[in-house]
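# My questions are about this predicted structure, shown below with the sequence.
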Amino acid sequence: MAPPETDPAPTAAEIVDRITAGTTTPEAEVARALSAIGARDGRLNAFSVVLADEAREQARYLALGHGETRGPLYGVPVAIKEELDVAGCVTTYGGRGNSTPAAEDGEVVRRLRAAGALVVGKTNMPEFGAYPYTESVAHGYTRNPWRTAFSPGGSSGGSAAAVASGMVPVAMGGDGGGSIRIPSACCGLFGLKPQRGRVTSAPHEHLWWALGTAGPLTRTVLDSAIVYDVIRGHLPSDRWQAGEVGSFTDAARREPGRLRVGWSVKPVARGVRPHADAVAVVRETARLLSDLGHRVREVDPHYPDPTAAFVPQFFGGIRSEAEQVEHFERLERRTRETCRLGAWVTPTVMNAALRATERVSEKANRIFQDVDVLLTPSIAHRPPRVGILDRTGTVRASLRSLPAVAYAVLWNVAGNPACSVPSRTGSDGLPVGVQLVGPTDGEEVLLSLAAQLETARPWPRVAPD
């Protein structure tokens with residue numbers, strides 16, 4: 001059964017509904033995704049590997065009624081970021097350091113498959129996700145579907161390009177310093193970083209210690225909520241565990257009620273000045289939220305400085321991943337430099353950084369005594385042209401990354417849920433997003449509010465060709 005030509009990019013929720021209604025099939029949806037990948041990925045370079053035969057076989061397996069009861073992602077094509085294990089694929093972390101395929105799926109991928117998702121490939125990232133631009137020696141530049149001379153952000157830039165171009169409705173990313181929210185902002189997607197410990201990091205004890213988490217990039221809030229209800233939940237091996245919450249899917253489908261929303265364009269990172277488009281969109285969103293009945297006011301969040309907590313975990317996270325690859329000598333020169341520069345991050349230093357993380361979290365969360373949600377820019381700058389990391393070492397690459405992470409990193413350190421919501425295009429024709437930050441374990445309020453914004457301010461599902 002061929003998918004309807006008039007709807008080239010359905011959402012995950014729509015695909016499941018249509019399969020249930022009998023108007024499409026898992027095989028047709030895989031064929032749709034593979035056709036889109038074949039037509040579009042040559043100019044975007046979103047995928048590091050396409051698993052066409054495997055995806056078709058999975059779809060046939062589902063269509064024949066094998067496996068478990070139909071799950072909430074039954075027949076939905078998904079892509080997986082290179083840092084997550086997919087059985088039979090080398091987990092490259094965006095580089096050339098590994099050569100042996102993973103023996104089994106990581107836990108997040110296993111949960112996706114159990115819910116009926118069809119893995120069609122893996123997506124590009126900068127090596128170890130170190131920077132918010134998806135460029136690597138191994139795989140070159142990944143490009144923004146809105147304007148291909150520009151970056152899709154990162155580190156989940158391959159996943160963002162795959163979704164924003166309509167190749168797949170869902171792609172998995174990871175966020176250790178904004179790496180779901182930044183590419184979502186650059187490509188006009190919804191991207192939620194959940195509460196620390198919400199999603200398992202298995203088979204690893206942690207992802208960059210207290211900073212990182214896996215999560216989806218999607219075109220709608222509802223799709224993100226559905227995926228999170230599938231993948232969330234910790235295992236005994238996870239170092240961090242989030243608190244109890246209700247259904248994210250239900251949250252995305254209900255009104256948020258009247259909320260206290262504080263807005264600020266003040267960057268956390270010193271020396272960074274937000275672009276005029278970022279400031280304008282925050283102000284526009286504040287007015288819209290006020291029109292929707294929320295109590296909205298400008299606030300000073302009195303941000304704590306996350307540097308002492310973040311920097312050791314950044315260096316330590318990259319070093320710990322680099323030390324586990326099979327061929328350290330094949331890593332990029334900049335990555336090997338980062339490992340050398342991070343030699344000072346001893347276990348004693350890391351323990352001090354984790355203690356600092358707790359202090360930063362306590363101070364950052366004081367804002368939620370006065371507001372229910374904090375509204376800020378997602379990123380301070382506009383998406384740069386590709387090649388921004390060319391001929392840079394660790395220090396220069398980090399300095400060039402500051403505008404991208406200026407509003408994001410604090411909430412990795414603090415552990416709070418935070419999301420990027422698309423708003424409109426900027427003066428450069430590229431998307432502009434706003435960040436919503438919630439209190440500890442506050443994903444439900446963010447999903448409800450983001451869904452309300454999505455309804456009030458509709459956004460194109462895919463980038464224009």
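That came through fine.
# and Tyr141, backbone torsions?
With angles defined as degrees, to the nearest 10, Tyr141 sits at phi -90, psi 140.
# how many other residues sit next to the closest residue to it other than its chain neighbours?
The spatial neighbour of Tyr141 that comes closest, neighbours along the chain excluded (CB to CB, 6 or more residues apart in numbering), is Val386 at 4.2 Å. Where you see a C-beta, it was placed from the backbone N, CA and C, and this is true even at glycine. Val386: 21 surrounding residues under other CB atoms under 10 Å.
# And Leu436, by the same measure?
For Leu436, the count of nearby residues is 27 (other CB under 10 Å).
# check contacts around it.
Neighbouring residues of Leu436 by CB atoms under 8 Å, 6 or more residues apart in numbering: Val373, Leu374, Leu375, Ala418, Cys419, Val421, Leu446, Leu449, Ala450.
# you'd agree it is in a strand?
Yes - using DSSP: H, G, I helix; E, B strand; the rest coil, the assignment for Leu436 is a strand.
# beta partners for it?
Beta bridges link Leu436 to Leu375, Cys419 when assigned by DSSP bridges.
# And the residue positioned nearest the centre of the chain, how close does it get to Tyr228?
Nearest to the mean C-alpha position of the chain, counting by CA atoms, centre = their mean, stands Ile180 at 2.1 Å. Distance from Ile180 to Tyr228, counting by CB to CB, to the nearest Å: 12 Å.
# just Ser361 next, same as before
Distance of Ser361 to Tyr228, given as CB to CB: 21 Å.
# For these two, indicate the residue with more neighbours.
Using other CB under 10 Å as the criterion, Ser361 and Tyr228 rank with Tyr228 on top: 24 against 21.
# Make sure that one is actually in contact with Pro216.
Yes - with contact defined as CB atoms under 8 Å, Tyr228 counts as touching Pro216 (7.1 Å).
# what do the two both touch?
Counting by CB under 8 Å, 6+ apart, the common neighbours of Tyr228 and Pro216 are Leu192.
# follow-up on the earlier one: including neighbour count and distance to Asp175, could the contacts of Leu436 go into JSON lines?
Shown next, in JSON lines, are the contacts of Leu436 (neighbours: other CB atoms under 10 Å; distance: CB to CB, whole Å):
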{"residue": "Val373", "neighbour count": "25", "distance to Asp175": "19"}
{"residue": "Leu374", "neighbour count": "24", "distance to Asp175": "17"}
{"residue": "Leu375", "neighbour count": "25", "distance to Asp175": "19"}
{"residue": "Ala418", "neighbour count": "30", "distance to Asp175": "9"}
{"residue": "Cys419", "neighbour count": "28", "distance to Asp175": "10"}
{"residue": "Val421", "neighbour count": "28", "distance to Asp175": "15"}
{"residue": "Leu446", "neighbour count": "28", "distance to Asp175": "14"}
{"residue": "Leu449", "neighbour count": "27", "distance to Asp175": "19"}
{"residue": "Ala450", "neighbour count": "27", "distance to Asp175": "16"}
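# With pLDDT added, can I get those residues in CSV?
Shown next, in CSV, are those (pLDDT from 0 to 100):
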residue, pLDDT
Val373, 98
Leu374, 98
Leu375, 98
Ala418, 98
Cys419, 98
Val421, 98
Leu446, 98
Leu449, 98
Ala450, 98
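# any idea which of those is closest to Phe248?
Using CB to CB, Leu446 is the member of those that lies nearest Phe248, at 9.7 Å.
# And that closest one, which helix or strand is it part of?
Assigned by DSSP states H and E, Leu446 belongs to helix 443-456.
# how about Ala364, what does it touch?
Per CB under 8 Å, 6+ apart, neighbours of Ala364: Pro301, Tyr303, Pro304, Leu410, Trp411, Val413, Ala414, Asn416.
# secondary structure element for the fourth one?
Spelled out, that is Leu410. Assigned by DSSP H and E, Leu410 belongs to helix 409-414.
# Kindly export that helix (C-alpha atoms) in CSV.
Only the C-alpha atoms of helix 409-414 are listed here, as CSV (Å, rounded to 0.1, in the frame of the first residue of the first chain):
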residue,chain,number,x,y,z
VAL,A,409,24.4,24.5,29.8
LEU,A,410,23.1,25.8,33.2
TRP,A,411,20.1,23.4,33.0
ASN,A,412,22.3,20.4,32.2
VAL,A,413,24.2,21.2,35.4
ALA,A,414,21.1,21.9,37.4
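# My guess is Lys81 contacts Ala160. True?
No - applying CB under 8 Å as the test, Lys81 and Ala160 come out as separate, 10.1 Å apart.
# Identify the contacts common to the two.
Common neighbours of Lys81 and Ala160, using CB under 8 Å, 6+ apart, are Ala171, Gly173.
# Where does Pro183 sit, in terms of helix or strand?
Using DSSP H and E, Pro183 sits in helix 181-187.
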